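Asks: build me a model:
(2 chains)
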There are 2 protein chains.
Amino acid sequence: MKVSEAGEFGLIELLCRELGIPYPPSAASPPRPGFVVDLGDDAAVTEPAATATIWTTDTLVEGVHFLPSRTSWRSTGWKAIAVNVSDIAAMGGIPGAALVTLCLPADFCVEHAVDLYRGMKECCDSYGVVVAGGDLVRAPVFSVTVALNGSVPKSGTDDGFEVLRRNACRAGDAVAVSGTLGDSAAGVVLLQGAATPRTNAAARLVEAQERPRPRVDLGRRAVEAGVRCGMDISDGLVADAGHVARASGVRIRLAAASVPLSSELRSEFPDRALELALTGGEDYELLLCAPRPVLQGLIAGGADLTIVGEALEGEPGVTVIGEDGKERAYASAGWDHFRSRDG
Amino acid sequence: MKVSEAGEFGLIELLCRELGIPYPPSAASPPRPGFVVDLGDDAAVTEPAATATIWTTDTLVEGVHFLPSRTSWRSTGWKAIAVNVSDIAAMGGIPGAALVTLCLPADFCVEHAVDLYRGMKECCDSYGVVVAGGDLVRAPVFSVTVALNGSVPKSGTDDGFEVLRRNACRAGDAVAVSGTLGDSAAGVVLLQGAATPRTNAAARLVEAQERPRPRVDLGRRAVEAGVRCGMDISDGLVADAGHVARASGVRIRLAAASVPLSSELRSEFPDRALELALTGGEDYELLLCAPRPVLQGLIAGGADLTIVGEALEGEPGVTVIGEDGKERAYASAGWDHFRSRDG
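Replies: From the prediction side, this is the model:
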């Protein structure tokens, strides 16, 4: 069924059903916990909280950020929520309420919108996100925009709200990353050449691209352990380390040999694994900078972290030391949405 | 200059300049009041507030919601903020922080983006909105999505947060609207036939369409006076009264002869004025329902309100009594983004 046949309100009803929210809301159904006014009015209203609030938004555009011929609508729904959750994780916060805007061509299939919401719901449930509302508009091309808030509890020992900032790296800090890097970029390569027969390893790389798992728990644990500098790796390690270096006024030196690579990446891309890990985007892992003992303490406590470099005094920017001990050159500009590729 | 030439970060810098926000943020510049972390990190962080929070979002798509050949980018910027402010006003709240997402073709002119931000800034300044962040993405067609929060102060006399809901109209309530209706819809008609020579009256109708002025002060005053039911008129009076009627389980009877019409609308559209006022959209005036003495009290206090009908027991829906005293029929479905016009 096309959305032009379902109509705006018919579609809203279907999508709310996916989220488990009654629509239209009846006077008999009380608002969900934390809501003064639930979805279905001019706007949603939430109760006050004693926490600081984080604000972020991210958009996925068909043909720019994903190809429906390659990636299921359900995975796109997961990712639309996940990329926003990652920004909350990157601040050391806890995800909260989301506003979801769908731009839809009139002949867009309702079933695809329902699949999209199914994937969004899976991600929302995984991370405790509630959908507070949104907007449906007609447009020549599909896009989904999610605005997400998150909370920062008060720190135990003082009156402030401690978060992971980009500008808080100090010379002498160690630099660590979570998980493994490059898997998502490898997934893009595999999706672009869909004719390749798929191995289990390849399937896991594609899943890293389509269903990223933001590091909310690690972000909170890092803040609680005293880490004050961090961001999520969405533009690629070298580019994102460059963001931290310039915001903090330090030089970050990365040791290529230390960068964590998955066995899947090594087996599928033996010649390009390191390159993908250093420059590929969309890992949605965390980059953390703190005094070495703080990061070692997190690792000793079981955190999935690897120390990959250090911050030094010097001209702000990034130096990569190759496995041969020599300095490697990388363009420092990083991902640019307008200059890149066919832009 | 094209955005592909300015690049993502060059464009962000230009747009922040329009907003009067330093970018990239330096460690030396403290965050703006109310912010723990200002724009420029993974996400913005705001301080806790003792108020309930309102959440809304609205999108304008080129070719669907406006035509750049007819409406300036500056006016589109104003409207992108204003339509969201109107949702906050419709809840009886005070606008707060906005996230702005621009979807831009790579060959989009930077100058147009700057003009858009100039108009957004004018509207932000008029209503006390601060931009907390956003997203810039490449897309085949221009759109701007604004997610806006607002606050609801605690009511003076009790512990609750009183707002204007759609489902709080009771049989016996009077129904009032602010300002005049139909001007914005008349503005659309004028914009569609741009060859027509423009009178001062016509220019004011176009301005009503391009630069709506949401009723934030009136929304607050209404809540403080005890009004508990209201919404903004964005889909047309009959359609929006229908939303209230169905959400509240009442029948709303509107007296066509009472609907406030501007002298500009009467002079430019003598034959269609009432039709435009009853069914035209995008007035962004308020529809308020409350016991008659409450509304009369607001009017006596200087509120720009006109009583246009009443709520009755009966099948939920809307009845319009024409100037001849006879009932007039209107399709009750209202505006549908996907079924309408060329959809």
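
Asks: which helix or strand contains residue A:53?
Replies: Element membership for residue A:53 (DSSP states H and E) is strand A:52-61.

Asks: can you tell me if that strand touches chain B.
Replies: Yes: looking at strand A:52-61 against chain B by C-beta under 8 Å from any C-beta of the partner chain, the contacts come from A:52, A:53, A:54, A:55, A:56, A:57, A:58, A:59, A:61. C-beta here means a position set from N, CA and C on the backbone, and glycine is covered the same way.

Asks: in this structure the second one contacts residue B:45, no?
Replies: Pointing back at residue A:53 there. Yes: counting by C-beta atoms under 8 Å, residue A:53 touches residue B:45, with 6.9 Å between them.

Asks: wait, what's in contact with residue A:49?
Replies: Contact partners of residue A:49, counting by C-beta atoms under 8 Å, 6 or more residues apart in numbering or on different chains, are A:151, B:48.

Asks: please redo it, this time with the cut-off set to 10 Å
Replies: By C-beta atoms under 10 Å, 6 or more residues apart in numbering or on different chains, the contact set of residue A:49 is A:34, A:96, A:149, A:151, A:153, B:48, B:49, B:50, B:52, B:53.

Asks: what's the most distant pair in the residues you listed?
Replies: Across the contacts of residue A:49, no pair lies farther apart than A:153 and B:52, at 19.1 Å, counting by C-beta to C-beta.

Asks: now do the phi/psi pair for residue A:287.
Replies: phi -110, psi 120 (degrees, to the nearest 10).

Asks: measure residue A:19 to residue A:118 for me?
Replies: 10 Å (C-beta to C-beta, to the nearest Å).

Asks: ok, now residue A:262?
Replies: From residue A:262 to residue A:118 the distance is 28 Å (C-beta to C-beta).

Asks: and residue A:300, by the same measure?
Replies: 40 Å.

Asks: these two: which is more packed in?
Replies: Between residue A:300 and residue A:118, counting by other C-beta atoms under 10 Å in any protein chain shown, residue A:118 is the more crowded of the two (17 against 9).

Asks: you'd agree the more buried one is in a helix?
Replies: Yes: applying DSSP: H, G, I helix; E, B strand; the rest coil, one finds residue A:118 inside a helix.

Asks: which parts of the stretch 151-300 of chain A sit against chain B?
Replies: A:151-152, A:154, A:160-168, A:219, A:230-232, A:234, A:243, A:246-249 (C-beta under 10 Å from any C-beta of the partner chain).

Asks: so residue A:207 sits against residue A:186, correct?
Replies: No: here residue A:207 does not reach residue A:186: they are 11.0 Å apart, not a contact under C-beta atoms under 10 Å.

Asks: between these two, what contacts are shared?
Replies: Joint contacts of residue A:207 and residue A:186 (C-beta under 10 Å, 6+ apart) are residue A:264.

Asks: thinking again about what came up before, counting contacts, what elements does the strand holding residue A:53 pack onto?
Replies: Judged by 3 or more C-beta pairs under 10 Å, 6 or more residues apart in numbering or on different chains; DSSP states H and E, strand A:52-61 is in contact with helix A:73-90, strand A:94-104, strand A:143-152, strand B:35-37, strand B:44-46, strand B:94-104, strand B:130-138, strand B:143-152.

Asks: now the ones you listed as JSON lines including mean pLDDT and distance to residue B:292?
Replies: JSON lines is the format used below for the helices and strands packed on strand A:52-61 (pLDDT from 0 to 100; distance: least, C-beta to C-beta, whole Å):
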{"stretch": "helix A:73-90", "mean pLDDT": "97", "distance to residue B:292": "46"}
{"stretch": "strand A:94-104", "mean pLDDT": "94", "distance to residue B:292": "36"}
{"stretch": "strand A:143-152", "mean pLDDT": "94", "distance to residue B:292": "39"}
{"stretch": "strand B:35-37", "mean pLDDT": "85", "distance to residue B:292": "44"}
{"stretch": "strand B:44-46", "mean pLDDT": "86", "distance to residue B:292": "40"}
{"stretch": "strand B:94-104", "mean pLDDT": "94", "distance to residue B:292": "27"}
{"stretch": "strand B:130-138", "mean pLDDT": "90", "distance to residue B:292": "39"}
{"stretch": "strand B:143-152", "mean pLDDT": "94", "distance to residue B:292": "25"}
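
Asks: so which of the residues of the stretch 151-300 of chain A next to chain B belong to strands?
Replies: Among these, the members falling in strands are A:151, A:152, A:230, A:231, A:232 (criterion: DSSP state E).

Asks: before we move on, back to that, partner strands of the strand holding residue A:53, with direction?
Replies: Its sheet considered, strand A:52-61 pairs with strand A:143-152 (antiparallel), strand B:44-46 (antiparallel) by DSSP bridges.

Asks: okay, these, which one's buried deepest?
Replies: Of all the strands paired with strand A:52-61, strand A:143-152 has the most neighbours on average by mean count of other C-beta atoms under 10 Å in any protein chain shown, namely a mean of 28.

Asks: more neighbours, residue A:207 and residue A:186?
Replies: It is residue A:186, of residue A:207 and residue A:186, that has more neighbours when counted by other C-beta under 10 Å, with 26 against 16.

Asks: excluding residues flanking it in the chain, which one is nearest that one?
Replies: Nearest residue to residue A:186, sequence neighbours excluded (C-beta to C-beta, 6 or more residues apart in numbering or on different chains): residue A:205, at 4.4 Å.

Asks: pretty sure the one you found is in a helix, no?
Replies: Yes: remark: residue A:205 belongs to a helix, assigned using three-state DSSP.

Asks: for it, list the residues it contacts.
Replies: A:182-191, A:198-199, A:262, A:264-265, A:267-269, A:276.

Asks: can you tell if stretch A:115-133 touches chain B?
Replies: Yes: residues of stretch A:115-133 contacting chain B under C-beta under 10 Å from any C-beta: A:132, A:133.

Asks: in that stretch, what counts as buried?
Replies: Going by neighbour count (16 or more other C-beta atoms under 10 Å in any protein chain shown), the buried part of stretch A:115-133 is A:115-124, A:126-127, A:129-133.

Asks: gap between it and the chain center?
Replies: The chain centre lies 14 Å from the centre of stretch A:115-133; the measure is C-alpha atoms, centre = their mean, to the nearest Å.
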